[in-house]
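[1] What follows is a predicted protein model with its sequence.
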2 protein chains.
Amino acid sequence: MAGIKDVAREVSLSTATVSRALRGLPGVSDANRLKVTDAARRLGYVPSPSAVGLASGQTRTVAVIVPHVTRWFFGEVVQGAEEVLRTAGYDLLLYNLAGEPAARHRVFHTDLLSKRVDAVLVLGLRPTEEERRRLAGLGRPVAIVGAAAPDLFSVSIDDEQAARIATGHLLDLGHTRVGYLGGSLDSLDFVAPSARLAGYRAALRERGIEHHPELEDVGEFTVAGGRAAAARLLAGPDRPTAIFAASDEMAIGVLRAARELGLSVPSDLSVVGIDDHELAGFFDLTTVAQPVREQGRRGAERVLAELTGVRPPESEVLPVELVVRTSTAAPACPSAAGPSA
Amino acid sequence: MAGIKDVAREVSLSTATVSRALRGLPGVSDANRLKVTDAARRLGYVPSPSAVGLASGQTRTVAVIVPHVTRWFFGEVVQGAEEVLRTAGYDLLLYNLAGEPAARHRVFHTDLLSKRVDAVLVLGLRPTEEERRRLAGLGRPVAIVGAAAPDLFSVSIDDEQAARIATGHLLDLGHTRVGYLGGSLDSLDFVAPSARLAGYRAALRERGIEHHPELEDVGEFTVAGGRAAAARLLAGPDRPTAIFAASDEMAIGVLRAARELGLSVPSDLSVVGIDDHELAGFFDLTTVAQPVREQGRRGAERVLAELTGVRPPESEVLPVELVVRTSTAAPACPSAAGPSA
DNA sequence: TTGAAAGCGCTAACAC
DNA sequence: GTGTTAGCGCTTTCAA
């Protein structure tokens, strides 16, 4: 394990010069810089992060706090963030909450993060007031990804708008009994659901369609959760002719439930989701696509920029786009007027 | 940011005693230990990982090298590892190779050497000879998860056996033209494919079934990859009556291709995969289940054990189990005798 | 049982 | 353009 001293001795220079040369700082002659980088490579010198961290206060490490690594959305965001961080020479420290409140508490409340990372990326969750204070107290760049959070930089889509587009698509096709399947609202670990419910309701309101509370249901944000909730929703006497599921994974669950009930999609039931999950095309699922990996990249770029002194001003809201496939169609027997177009 | 000195001053003891007290080392009076822990809590003292690392050589961090975080299998393994590491107070440094050879090179040749981690978990890939040397040179615990690697501790399933079970299931149903869909063999990033191909061939051989090279094909280890490869395989004149796909994600792609070609499963085509992916049940996919998250846990437990001095002797091979669902059945017009049972 | 002092391997002032 | 000298905040001898 060659240290900076070994390199210095090898080239007969001081460790200070070696340090400067290796970090590309000014004030080193070209000749010496070359000698140093060459010797460093030959000796296989790699600086000790602990020593660098202690001496400089920089860890070149970013914490990424994720509700569930195993969910498609978060995996993609992590990958996007990792690409950017790696390119910039930063390491990624992964904190997976896995739905455990204890894990969440531990991450935010013990100052785990304090002297360990240069910046923090929080995925998919809206920090509580208390958590926000602690994040601010770090005095380090923080970005929320996949959720909007007041007073903190965030990069996300407009969840309410996405839901309005999805629901609006169904309404425009002529559906009037449109069900909503979302995540449980008190889930602190993932906040998109509440905004999506709001968007759903807004779309109904905008078009003067009556709102039926019995057409709203919640479940886990997974295929299994969507399937179970849809089974309930579709079991009733006056079932919806269309369902908007707050994520593609849930929507896929809806498709499954429909199949089990002998309903065909889209003739008996239209289904729309949000995400454009990698399997959405596979299921011919109409959905509102969002740039997922890109959100991870932007979040990482943002904290990196702040770290280097640039301070981009505003939170970013990325665009979404309706992707119409064949899981949606006009209702077989419209109980209302057809599409406005 | 309270430091150890602040705590020491607060309780009128030396930093040495405070350090000992906080780490539970012997040689501190009960009274003082209490005073110290109490003061530390009051002051919100958190040791600086950089300083600890520099002074003690321990980072309480484990590197996890993963080919693709976004693939289901790896997400699950990471989650399993994270659970164990977090419980033990270790942090997880994620290195996602994302299929980039440059990333792989950098991780093995630079990052790992940097005294940054106490142990390394390598997921799904078999280290090259060169990489093995570097891992060994770290002088730190290393575990390979999801792949067997000679000379290194590993926890995995027996991929060949799993493939033999899957293929054998199809053969026992009476299929004689059984296709194989695997990952590209020269993919250094994920090694299960070659063992699975071997298992497929072994199953044919064991039963004296002729081996048709044209029934073997490769693709990406994804739904899209499986779909594309299956489309090719099923386009031929004398198509297989059954396909064994080397992963459930590929198998799901096969189901899709079959549907697109108007083939029904299982009457026209039987399909079997490996993994028991979270969506396998959803697709009624017959598969060979493997304990994925558990592999991550075992890998993490192993390196942690080694770190505390215990050195468990052998690599672990976890059991797999055939899960029969409805994607497999006897061929409609068997060209050979029926099942042996 | 406790403390003093010497590092761990770097970076950062400040001289030269 | 380069070297010297202090630390960064802990842990770890070694003495007491």
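    Nice, I can see it.

[2] so what's residue A:27 up against?
    Listed by CB atoms under 8 Å, 6 or more residues apart in numbering or on different chains, the contact partners of residue A:27 are residue A:20. To be clear about C-beta, it is placed using only N, CA and C from the backbone, and glycine gets the same treatment.

[3] Can you list the low-confidence ranges for the stretch 1-150 of chain A?
    A:111-112 (pLDDT under 70).

[4] let me redo that: the stretch 151-300 of chain A
    In the stretch 151-300 of chain A, residues with pLDDT under 70: A:185-192.

[5] phi, psi of residue A:165?
    With angles defined as degrees, to the nearest 10, residue A:165 sits at phi -60, psi -50.

[6] you'd agree it is up against residue A:320?
    Yes: at 6.7 Å, residue A:165 counts as touching residue A:320 under the criterion of CB atoms under 8 Å.

[7] Mutual contacts of the two, please.
    Counting by CB under 8 Å, 6+ apart, the contacts common to residue A:165 and residue A:320 are residue A:288.

[8] the more surrounded of the two?
    residue A:320 (22 against 19; other CB atoms under 10 Å in any protein chain shown).

[9] Relative to residue A:159, how far out is the more buried one?
    In this view, residue A:320 and residue A:159 are 9 Å apart by CB to CB, to the nearest Å.

[10] got it, and residue A:54?
    Taken as CB to CB, the span from residue A:54 to residue A:159 is 42 Å.

[11] quick one: which of those two has more around it?
    residue A:159 (26 against 19).

[12] Without its sequence neighbours, what residue ends up closest to the more buried one?
    The shortest distance from residue A:159 to any non-neighbouring residue, by CB to CB, 6 or more residues apart in numbering or on different chains, is to residue A:195 (3.6 Å).

[13] Quickly find the element holding the one you found.
    Assigned by DSSP states H and E, residue A:195 belongs to helix A:192-206.

[14] Could you list every helix and strand in contact with that helix?
    If contacts are counted by 3 or more CB pairs under 8 Å, 6 or more residues apart in numbering or on different chains; DSSP states H and E, helix A:192-206 sits against helix A:159-172, strand A:178-183, strand A:216-219.

[15] 6 Å instead, please
    helix A:159-172, strand A:178-183 (3 or more CB pairs under 6 Å, 6 or more residues apart in numbering or on different chains; DSSP states H and E).

[16] what angle separates the longest one from strand A:178-183?
    On the basis of axes from the mean of the first three to the mean of the last three CA atoms, to 10 degrees, helix A:159-172 is oriented at 150 degrees to strand A:178-183.

[17] strands paired with the helix or strand where residue A:65 lies, and their directions?
    Assignment of secondary structure by DSSP H and E places residue A:65 within strand A:61-66. Sheet pairing of strand A:61-66 (DSSP bridges) gives strand A:91-96 (parallel), strand A:119-123 (parallel).

[18] Any idea which of the ones you listed gets closest to residue A:66?
    strand A:119-123 (4.7 Å; CB to CB).

[19] continuing past the closest one, what's the next helix or strand?
    Per DSSP H and E, the first helix or strand lying C-terminal to strand A:119-123 is helix A:129-137.

[20] any bit of that following helix sitting next to chain B?
    No: Helix A:129-137 does not reach chain B (CB under 6 Å from any CB of the partner chain); its nearest approach is 10.1 Å.

[21] re the thing from before, pull out the buried positions in the helix holding residue A:195.
    For helix A:192-206, a neighbour-count test (16 or more other CB atoms under 10 Å in any protein chain shown) marks A:192, A:193, A:194, A:195, A:196, A:197, A:199, A:200, A:201, A:202, A:203, A:204 as buried.

[22] want to throw the residues you listed into TSV with distance to residue A:2?
    What follows is these, written out as TSV (distance: CB to CB, whole Å):
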residue	distance to residue A:2
A:192	49
A:193	53
A:194	54
A:195	53
A:196	54
A:197	58
A:199	58
A:200	61
A:201	64
A:202	62
A:203	63
A:204	67
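
[23] what does the stretch 151-300 of chain A put close to chain B?
    Close to chain B, as judged by CB under 6 Å from any CB, the stretch 151-300 of chain A has residues A:223, A:256, A:282.

[24] List buried residues within those residues.
    Applying 16+ other CB under 10 Å to these, the neighbour count classes A:223, A:256, A:282 as buried.

[25] I'd like to know which of the residues you listed is nearest to residue A:123.
    The shortest approach to residue A:123 among those belongs to residue A:223, at 20.3 Å (CB to CB).

[26] Just give the nearest non-adjacent residue to the residue nearest the centre of chain A, would you?
    Residue closest to the mean C-alpha point of chain A, counted by CA atoms, centre = their mean, is residue A:146 at 3.9 Å. Leaving out its chain neighbours, the residue that sits closest to residue A:146 by CB to CB, 6+ apart is residue A:124, at 4.3 Å.

[27] Residue A:65 is in contact with that neighbour, correct?
    No: counting by CB atoms under 6 Å, residue A:65 is not a contact partner of residue A:124; they are 9.1 Å apart.

[28] about what we covered before: measure the residue nearest to the centre of chain A to residue A:75 for me?
    Distance from residue A:146 to residue A:75, counting by CB to CB: 12 Å.

[29] ok, now residue A:11?
    Distance, residue A:11 to residue A:75, using CB to CB: 45 Å.

[30] neighbour-wise, which of these two wins?
    residue A:75 (26 against 19).

[31] so the more buried one makes contact with residue B:72?
    No: contact criterion CB under 6 Å: residue A:75 and residue B:72 do not qualify, at 8.5 Å.

[32] What residues does the closest residue to DNA strand D within the stretch 101-250 of chain A make contact with?
    Distances between the stretch 101-250 of chain A and DNA strand D by CB to the nearest atom of the strand are smallest at residue A:115, namely 7.4 Å. Taking CB atoms under 6 Å, 6 or more residues apart in numbering or on different chains, we find residue A:115 in contact with residue B:48.

[33] secondary structure element for it?
    Assigned by DSSP H and E, residue A:115 falls within no helix or strand.

[34] Also residue A:303?
    Element membership for residue A:303 (DSSP H and E) is helix A:292-307.

[35] Check what contacts that helix and list those residues.
    Here helix A:292-307 makes contact (CB under 6 Å, 6+ apart) with A:73, A:76-77, A:79-81, A:84-85, A:88, A:118-119, A:121, A:141, A:143, A:145-146, A:153, A:155, A:312, A:316.

[36] The same query, at a cut-off of 7 Å, please.
    Residues from elsewhere that reach helix A:292-307 (CB atoms under 7 Å, 6 or more residues apart in numbering or on different chains): A:62, A:73, A:76-81, A:83-85, A:88, A:118-119, A:121, A:141, A:143, A:145-146, A:153, A:155-156, A:312, A:316, A:318.

[37] what does the stretch 1-150 of chain A have sitting close to DNA strand C?
    Applying CB under 7 Å from any atom of the strand, we find that the stretch 1-150 of chain A lies next to DNA strand C at A:1, A:3-5, A:15-16, A:19, A:22-23, A:45, A:47-48, A:51-52, A:54-57.

[38] if we go to 6 Å?
    Counting by CB under 6 Å from any atom of the strand, the stretch 1-150 of chain A comes close to DNA strand C at A:3-5, A:15-16, A:19, A:23, A:47-48, A:51-52, A:54-56.

[39] Tell me which two in these are the farthest apart.
    Pairwise across these, and taking CB to CB, the largest span is found between A:5 and A:56, at 17.5 Å.

[40] before we move on, back to that, which ones among the contacts of helix A:292-307 are found in strands?
    A:62, A:119, A:121, A:143, A:145, A:153, A:155, A:156, A:316, A:318 (DSSP state E).
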